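Asker: here is a sequence with its predicted model. Questions after.
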Amino acid sequence: MALSRRDFLKLTGASALALGGVATEAGAAPKMPARPFGKTGWKASIYALGSAEIPANEEAIRAIDRLIDAGVNYLDTAPSYQGSRSERAIGEVMKRRRPEVFLATKTLARDADGAYAEVKASLERLQCKRIDTLQIHAVNDFGTLDQVLGDKGAIKGLERARSDGLIRFIGITGHTRPEVIAKALDSYPFDSILVPVSALDKHLSDFAEEVVPKARKLGIGIVGMKSLKGLELSKGTVDDAEPLLRYALSLPISTLTIGLRKESEVEANLRSVVNFRPMSEAERKDLEERMKPFATTQALWWKRR
């Protein structure tokens with residue numbers, strides 16, 4: 001079963017929004033919307049750079065510069081993305097534009113020394129002196145959570161890095177089990193979370209059901225991810241991304257990572273985001289039903305336990 005481009009655009013009546021601009025006073029271009037990022041004091045653009053599939057270096061650098069020029073001020077990366085290519089590409093931009101953005105990276109280390117060492121290595125690749133948020137990455141089961149929060153766990157290494165002025169905030173990411181991240185929020189005063197939110201995730205271990213409201217109540221920055229998986233599964237085009245982005249951004253999150261796979265996708269995604277209008281409940285439910293056939297653990301591999 002595949003959704004046609006016509007079905008996507010018909011769903012929200014969004015073709016004009018996805019392909020054109022919104023009229024503003026004096027013909028000014030619409031501004032990038034921003035939301036408070038938890039208690040950090042930063043107002044994050046609702047479009048955050050997601051760099052897990054970042055393209056070749058020169059193309060990536062041009063695209064990152066374009067995004068920052070357009071008002072994107074939250075960049076998410078990790079040393080594990082593309083064999084550290086993501087951090088290196090972002091680093092080429094950060095050596096010129098570091099003050100303009102909130103910079104987030106991750107660690108897969110589970111022990112204190114390993115996490116601290118990864119912070120130091122990330123700083124070198126990112127060509128900066130301090131990272132805004134360092135996230136303990138992919139905490140998908142209770143055993144891993146206990147390990148990273150233990151006396152010799154990754155959290156201790158990040159607290160040391162924060163004391164040394166190498167990072168400002170500490171976050172956590174989870175892909176698979178909302179109950180694990182919910183417990184993490186009860187166990188440690190994290191500054192941010194990164195979790196999947198989409199019309200497909202709604203049907204399998206939905207983080208938006210419990211975790212997002214809990215984090216919001218605690219004043220934690222909430223970063224959404226993986227909102228565009230339905231585009232690939234339904235064989236849509238870049239212009240069909242708008243309803244999926246609009247769905248995720250209608251949730252009470254702080255910002256949404258949008259993947260950078262190729263430079264040519266940037267302009268269409270920017271148009272969708274700067275023209276963002278919240279979905280109604282009826283529109284959300286309609287898209288959820290249309291996406292339901294694709295919501296399997298084979299397609300949403302991050303839901304596998």
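Answerer: Arrived safely.
Asker: so the nearest residue to residue 137 once chain neighbours are set aside: helix, strand or coil?
Answerer: Counting by C-beta to C-beta, 6 or more residues apart in numbering, residue 106 is the residue found nearest to residue 137 once chain neighbours are left out, at 3.8 Å. For every residue, glycine as well, the C-beta is placed using N, CA and C. The three-state assignment at residue 106 reads strand, by DSSP: H, G, I helix; E, B strand; the rest coil.
Asker: the helices in the stretch 51-200 of the chain, which residues?
Answerer: Using DSSP state H, counting those that start in this stretch, the helices of the stretch 51-200 of the chain run over residues 57-69, 85-97, 112-126, 142-148, 154-163, 178-187.
Asker: out of these, nearest to residue 76?
Answerer: With C-beta to C-beta as the criterion, residue 76 lies closest to helix 85-97 of these, at 9.1 Å.
Asker: contacts made by the closest one with the rest, please.
Answerer: By C-beta atoms under 8 Å, 6 or more residues apart in numbering, the residues outside helix 85-97 that reach it are 49, 51-52, 54, 57, 60-61, 64-65, 68, 75, 77-79, 81, 101, 103, 105, 122, 125-128.
Asker: and the buried ones among these, selectable in ChimeraX?
Answerer: Restricted to buried positions by 16 or more other C-beta atoms under 10 Å, the ChimeraX selection for the contacts of helix 85-97 reads:
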select :49,51,52,54,60,61,64,68,75,77,78,79,81,101,103,105,122,125,126,127,128
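Asker: and residue 164, how far from residue 304?
Answerer: Residue 164 sits 37 Å away from residue 304, going by C-beta to C-beta, to the nearest Å.
Asker: what of residue 121?
Answerer: Distance, residue 121 to residue 304, using C-beta to C-beta: 29 Å.
Asker: the more surrounded of the two?
Answerer: residue 121 (14 against 11; other C-beta atoms under 10 Å).
Asker: so the more buried one is in contact with residue 79, correct?
Answerer: Yes. Under the criterion of C-beta atoms under 8 Å, residue 121 makes contact with residue 79 at 6.7 Å.
Asker: sorry, back to before: just so I know, which of the helices of the stretch 51-200 of the chain lies nearest residue 40?
Answerer: Nearest of the helices of the stretch 51-200 of the chain to residue 40, taken as C-beta to C-beta: helix 154-163 at 12.9 Å.
Asker: mind listing residues that contact the closest one?
Answerer: By C-beta under 8 Å, 6+ apart, helix 154-163 touches 107, 109-117, 119, 134, 136, 147-149, 167-170, 188.
Asker: now with 10 Å?
Answerer: With C-beta atoms under 10 Å, 6 or more residues apart in numbering as the test, helix 154-163 has contacts from 107-120, 122-123, 130-131, 133-137, 139, 144, 147-150, 166-172, 187-188, 190-191.
Asker: buried members of the residues you listed into PyMOL, please.
Answerer: Entered in PyMOL, the line below selects the buried ones among the contacts of helix 154-163, by 16+ other C-beta under 10 Å:
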select buried, resi 107+109+110+111+112+115+116+118+119+122+123+130+131+133+134+135+136+137+139+144+147+148+149+166+167+168+169+170+171+172+190+191
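Asker: which residues are in contact with residue 38?
Answerer: Residue 38 is in contact with 44, 133, 169, 171, 190-193, 215-216, 218-223, 254, counting by C-beta under 10 Å, 6+ apart.
Asker: same question, residue 168
Answerer: By C-beta under 10 Å, 6+ apart, the residues touching residue 168 are 40-42, 102-103, 130-134, 161-162, 191.
Asker: now these as TSV including pLDDT and distance to residue 294?
Answerer: Formatted as TSV, the contacts of residue 168 follow (pLDDT from 0 to 100; distance: C-beta to C-beta, whole Å):
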residue	pLDDT	distance to residue 294
40	98	35
41	98	39
42	98	34
102	98	32
103	98	33
130	98	41
131	98	35
132	98	34
133	98	31
134	98	33
161	99	40
162	98	40
191	98	33
